[in-house]
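In: next comes the sequence, and after it the predicted model I'd like to discuss.
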Amino acid sequence: MTITAALSVPAGAQAPKQLSAHKDWTTFTYAEKGKKVCYAAAKPVDSEPKAVKRGEIFFLVTLRPAEKVVDEVSMVAGYPFKDRSEVVVEIDGKKFDLFTDTETAWAQAAQTDKAIVQAMVKGNDLVVRGTSARGTKTVDRYSLQGFKAAHEAILKACAG
C-alpha cells in the first residue's frame, strides 16, 4: 500500500513509517514538531464512476496525543470537492455528514469523530458519497476488515 506517498505531512515533519497491516487497513506513525502522530488508513475497495480520473483516495483515522486529538476522521477524495458541499459517510446504514476543504472531508466535531470510529469498529462496510467541483457524484466503498485491530494498534503506538 502506497498510502504514505500520497499523504502530505506538514513541513518539518518526518516521513510516515508503517507500523502494521491489518487486512484492509494499514497503520503509520510520524513525528510532527517532535510530537508523535499515529494513523490508520485504507484505500477504497471500489469507486464509482469508474471512468472518472482521480488522484489517490483514502479514509483515515488519526491520533495526535500531544494535541489531545483522538480518533480524528478524514477522507482524501483524489479531487477537489464542490465548494461548501458535504460528504456523507455511511456505515452499515448509519449516516454521518462531513464538511469539505479542497480535497479532504472532516467531521464537524470530536463527538462525530468518536461516533464514526465506534461504528467502524463494529461495522462491515463504509461508503463515502461526495460531489466534485465539476459536479460529478462519487461513491467510494471501503472494507472495515482489520479496522478494529488497526485502531487498537494506533491507540497502543500513540499511548504515552
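Out: Nice, thanks for sending it over. Numbers count the residues shown, from 1 in each chain.
In: how many residues are close by residue 67?
Out: Residues contacting residue 67 under the criterion other C-beta atoms under 10 Å number 11. Any C-beta I mention is one placed from the backbone N, CA and C, and that applies to glycine too.
In: where in this protein is pLDDT low?
Out: 1-13, 160 (pLDDT under 70).
In: buried stuff in the longest helix seen in the chain?
Out: For the chain, the helix reaching the highest residue count under DSSP state H is reported as helix 110-122. For helix 110-122, the neighbour count (16 or more other C-beta atoms under 10 Å) marks 112-113, 115-117, 119-120 as buried.
In: in JSON lines, list those along with distance to residue 24.
Out: Converted to JSON lines, these look like this (distance: C-beta to C-beta, whole Å):
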{"residue": "112", "distance to residue 24": "23"}
{"residue": "113", "distance to residue 24": "20"}
{"residue": "115", "distance to residue 24": "21"}
{"residue": "116", "distance to residue 24": "17"}
{"residue": "117", "distance to residue 24": "16"}
{"residue": "119", "distance to residue 24": "16"}
{"residue": "120", "distance to residue 24": "12"}
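In: name the nearest of those relative to residue 29.
Out: Nearest to residue 29 among these is residue 117, at 17.8 Å by C-beta to C-beta.
In: correct me, but that closest one touches residue 74?
Out: No - between residue 117 and residue 74 there is no contact under C-beta atoms under 8 Å: 11.8 Å.
In: the helices in this protein, which residues?
Out: Using DSSP H, helices in the chain cover 3-6, 110-122, 147-157.
In: okay then, goodbye and thanks.
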